[in-house]
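Peer 1: A predicted structure for the sequence below; I have some questions about it.
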Amino acid sequence: MDDLRGIERAIEMQETKIAAKGVDVFYGDTHAIKDVNVEIAEKTVTAFIGPSGCGKSTFLRCLNRMNDTIDVARVSGSIMLDGEDIYDPKVDPVQLRAKVGMVFQKPNPFPKSIYDNIAYGPRIHGLASGKAELDEIVEKSLRRGAIWEEVKDRLDQPGTGLSGGQQQRLCIARAIATEPEVLLMDEPCSALDPIATAQVEELIDELRQNYSVVIVTHSMQQAARVSQKTAFFHLGDLVEFGETATIFTNPVDSRTESYITGRIG
Amino acid sequence: MNELHIASAFDRDLEAIQAILMKMGGMVETAILDSAKSLETRDVELAEQVRKKDKAIDALEEQVNEEAARLIALRAPTAGDLRTVLTVIKISANLERCGDYAKNLAKRTSVLAQTTSVEGTSTSIRRMSREVQMMLKDALDAYIQRDADLAEQIIQRDEDVDQMYTALFRELLTHMMEDPRNITPCMHLHFIAKNIERMGDHVTSVAEQVVYLVTGQMPDDARPKQDRTPFMTEEG
């Protein structure tokens, strides 16, 4: 029990990494996100849960300006990363996305070798000065992605030849190769079997040492297992945000309770 | 929150386990009343029935535990559902203990039926057990109604039981000092009174579980302690 309390205290002490204030998102006339205020803490796993269409993925995509790529999407309000507005015209979205990495629902390795999948980001961002340094980044990323042992003897083979779970860990390794500060994960385990899911969850817990992780998941049990903070979205509103243990034992809002206990709400 | 689960089998499981608990509660209420009645009327046969029926109460507790384990494993309950399962387990343990105390009361009745009666005490004991049984009935009602206010009142009422016990303790002490032949029955009666007082504590614990079930918080331990017997001497 003492250990648990220690962890909780540590979370309390973490500083805010991303602060979203009064965020609204519209897709054309559809009001997808309604005045959301949330603070994502440093070195913490934050889970976004909620029924389909509640806006959790939309909000996640605001955090590294992925919604810029959708013509009809309009974002207002402020999202500050380390105190800087990421929607400031001076901010280069490409640089931003190197800092705020993303992993998607379906593993999407590039149709290249395992090595090049990882090396691609560091190369275009000029993070390595030579082959030796690049090799080092590739190995380090694959190790952190908990997949090095499985692929170290076949780095020249295509990434698409790996199993689903391995591909997803490869994509996570690729996302952390550019040394991001925040990692966004949109349903990273929904295409994986329970073993691969457990490996990715273990990886998420390790990543927490260095990164802020924000994970969107439909699996409430996954949110309960991996996160320290949970945000519940419903119809575009952020209904409740708090300690994961509190959300799952004694939520404040009746809508949260209805959703997490599997009731019609 | 009275909405139904999307998985209706989950609702059926939760209802089933609570139904077992209520059945158990009803049997314990009967055991308390019957054991006290058997003592007052020196009805050895009724006492024997109470002793036999305790096995059924124990079996129900086993059943509650098995169902709870199954529900946790298969349904992974959260929030209010989780609190329901946790409180069902704890309350069933409280009820089982009450059943044991009633059984013990019945056992002592068989012995007491062969000794001289001590004036007035079995009526006091009956009144005390009646109060505990009423508290238990209300606690089970509070559980079903999810009524935390009622549960809080029950917690306060344990004070009355403690006071009755203290009064009985004095009474028994007086009887023993008056006539040493009273010592054997009074010792038994004292254990009986103490056991009923303990039942009151278990019922209080049931009421506390109701508060936890409804609010997610255990009630503050502000209950006044009225059992002064640990500090009492012959001079009282």
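Peer 2: Structure's in. What do you need? Quick caveat: nothing in here was measured; it's all calculated off a predicted structure.
Peer 1: Every contact and neighbour count from this point should use C-alpha atoms.
Peer 2: Will do.
Peer 1: I'd assumed residue B:78 was in contact with residue A:261.
Peer 2: Yes: using Cα atoms under 8 Å, residue A:261 is in contact with residue B:78, at 5.7 Å.
Peer 1: where does chain B have low pLDDT?
Peer 2: Counting by pLDDT under 70, the ranges of chain B that qualify are B:1-2, B:222-227, B:234-236.
Peer 1: So which bits of it are right by chain A?
Peer 2: B:1, B:3-7, B:77-83, B:216 (Cα under 8 Å from any Cα of the partner chain).
Peer 1: redo that, cut-off 6 Å
Peer 2: B:4-6, B:78-79, B:216 (Cα under 6 Å from any Cα of the partner chain).
Peer 1: Narrow those to those that are buried.
Peer 2: When neighbours are counted using 16 or more other Cα atoms under 10 Å in any protein chain shown, the residues of chain B next to chain A contain these buried positions: B:5, B:78-79, B:216.
Peer 1: Tabulate the residues you listed (JSON lines), appending secondary structure and distance to residue A:188.
Peer 2: What follows is those, written out as JSON lines (DSSP: H, G, I helix; E, B strand; the rest coil; distance: Cα to Cα, whole Å):
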{"residue": "B:5", "secondary structure": "strand", "distance to residue A:188": "27"}
{"residue": "B:78", "secondary structure": "coil", "distance to residue A:188": "23"}
{"residue": "B:79", "secondary structure": "helix", "distance to residue A:188": "25"}
{"residue": "B:216", "secondary structure": "coil", "distance to residue A:188": "32"}
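Peer 1: For residue A:138, state which of the residues you listed is nearest.
Peer 2: Using Cα to Cα, residue B:78 comes nearest to residue A:138 of these, at 41.2 Å.
Peer 1: which SS class is the residue nearest to the spatial centre of chain A?
Peer 2: Residue closest to the average C-alpha location in chain A (Cα atoms, centre = their mean): residue A:184, at 1.9 Å. The local conformation at residue A:184, judged by DSSP: H, G, I helix; E, B strand; the rest coil, is strand.
Peer 1: Count the neighbours of the closest residue to residue A:73 other than its chain neighbours for me.
Peer 2: Spatial nearest neighbour of residue A:73, excluding adjacent residues (Cα to Cα, 6 or more residues apart in numbering or on different chains): residue A:27 at 4.5 Å. Applying other Cα atoms under 10 Å in any protein chain shown, we find 16 residues neighbouring residue A:27.
Peer 1: which two in the buried ones among the residues of chain B next to chain A are spaced the farthest apart?
Peer 2: Farthest apart among those by Cα to Cα are B:5 and B:216. That separation is 20.1 Å.
Peer 1: Once you drop chain neighbours, what's closest to residue B:47?
Peer 2: Leaving aside its chain neighbours, residue B:47 sits nearest to residue B:106 (4.6 Å; criterion: Cα to Cα, 6+ apart).
Peer 1: so that neighbour sits right up against residue B:35, yeah?
Peer 2: Yes: between residue B:106 and residue B:35 there is a contact at 5.2 Å, judged by Cα atoms under 6 Å.
Peer 1: list residues touching both of these two?
Peer 2: residue B:47 (Cα atoms under 6 Å, 6 or more residues apart in numbering or on different chains).
Peer 1: for residue 44, what are its contacts?
Peer 2: All of this is about chain A. A:208, A:212.
Peer 1: other chain: chain B
Peer 2: Residues near residue B:44 by Cα under 6 Å, 6+ apart: residue B:110.
Peer 1: same thing with residue A:243?
Peer 2: By Cα under 6 Å, 6+ apart, the contact list for residue A:243 reads A:228-229.
Peer 1: give me phi/psi at it?
Peer 2: In terms of degrees, to the nearest 10, the main-chain angles of residue A:243 are phi -60, psi 140.
Peer 1: what sits opposite it in the beta ladder?
Peer 2: Taking DSSP bridges as the rule, residue A:243 bridges to residue A:229.
Peer 1: Please enumerate the strands of chain A.
Peer 2: A:16-27, A:30-41, A:45-49, A:73-81, A:84-85, A:100-103, A:182-186, A:212-216, A:229-234, A:237-243 (DSSP state E).
Peer 1: what are the ranges of the helices in chain B?
Peer 2: B:8-41, B:44-75, B:79-112, B:121-145, B:148-178, B:183-215 (DSSP state H).
Peer 1: Let me have the ones you listed in a markdown table, extended by distance to residue A:217.
Peer 2: Formatted as a markdown table, those follow (distance: least, Cα to Cα, whole Å):
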| stretch | distance to residue A:217 |
| --- | --- |
| helix B:8-41 | 22 |
| helix B:44-75 | 18 |
| helix B:79-112 | 18 |
| helix B:121-145 | 34 |
| helix B:148-178 | 35 |
| helix B:183-215 | 28 |
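Peer 1: which non-adjacent residue is nearest residue B:7?
Peer 2: Nearest residue to residue B:7, sequence neighbours excluded (Cα to Cα, 6+ apart): residue A:262, at 7.5 Å.
Peer 1: from what I can see that neighbour touches residue B:5, true?
Peer 2: Yes: if you go by Cα under 6 Å, residue A:262 and residue B:5 touch, sitting 5.5 Å apart.
Peer 1: ok, and the closest non-adjacent residue to residue A:196?
Peer 2: In space, residue A:196 is closest to residue A:165, 5.0 Å off (Cα to Cα, 6+ apart).
Peer 1: Tell me which stretches of chain A form helices.
Peer 2: Secondary structure of chain A (DSSP H): helices located at A:2-13, A:56-62, A:93-99, A:114-124, A:131-144, A:148-151, A:164-177, A:194-207, A:220-226, A:244-249, A:254-260.
Peer 1: could you list every residue that touches residue B:54?
Peer 2: Residue B:54 neighbours (Cα under 6 Å, 6+ apart): none.
Peer 1: repeat for residue B:42
Peer 2: Shown in contact with residue B:42 (Cα under 6 Å, 6+ apart): residue B:113.
Peer 1: can you rerun that using 8 Å?
Peer 2: Residue B:42 makes contact with B:109-110, B:112-113, according to Cα atoms under 8 Å, 6 or more residues apart in numbering or on different chains.
Peer 1: now that we have those residues, which one has the most neighbours?
Peer 2: Highest neighbour count within the contacts of residue B:42: residue B:109, with 29 neighbours (other Cα under 10 Å).
Peer 1: Pretty sure it sits against residue B:47.
Peer 2: Yes: the criterion here is Cα under 8 Å, and residue B:109 meets it with residue B:47 at 6.7 Å.
Peer 1: Common neighbours of these two, please.
Peer 2: B:35, B:38-39.
Peer 1: From residue B:201, how far out is residue A:50?
Peer 2: Between residue A:50 and residue B:201 the computed distance is 42 Å (Cα to Cα, to the nearest Å).
Peer 1: Name the residue in the two with the higher neighbour count.
Peer 2: Neighbours were tallied for residue A:50 and for residue B:201 using other Cα under 10 Å; the higher tally belongs to residue A:50 (25 against 20).
Peer 1: so which of the helices of chain A comes closest to residue B:133?
Peer 2: helix A:244-249 (31.7 Å).
Peer 1: Residues contacting the closest one, please?
Peer 2: For helix A:244-249, the external contacting residues (Cα under 8 Å, 6+ apart) are A:223-224, A:227-230, A:241, A:256, A:260, B:78-80, B:82-83, B:216.
Peer 1: Pick the one among those residues closest to residue B:126.
Peer 2: Nearest to residue B:126, judged by Cα to Cα, of those is residue B:83 at 34.6 Å.
Peer 1: Based on its surroundings, how many neighbours for the closest one?
Peer 2: Neighbour number of residue B:83 under other Cα under 10 Å is 21.
Peer 1: and the residue lying closest to it once chain neighbours are set aside, how far is that from residue B:120?
Peer 2: Spatial nearest neighbour of residue B:83, excluding adjacent residues (Cα to Cα, 6+ apart): residue B:213 at 5.4 Å. Using Cα to Cα, residue B:213 is found at 40 Å from residue B:120.
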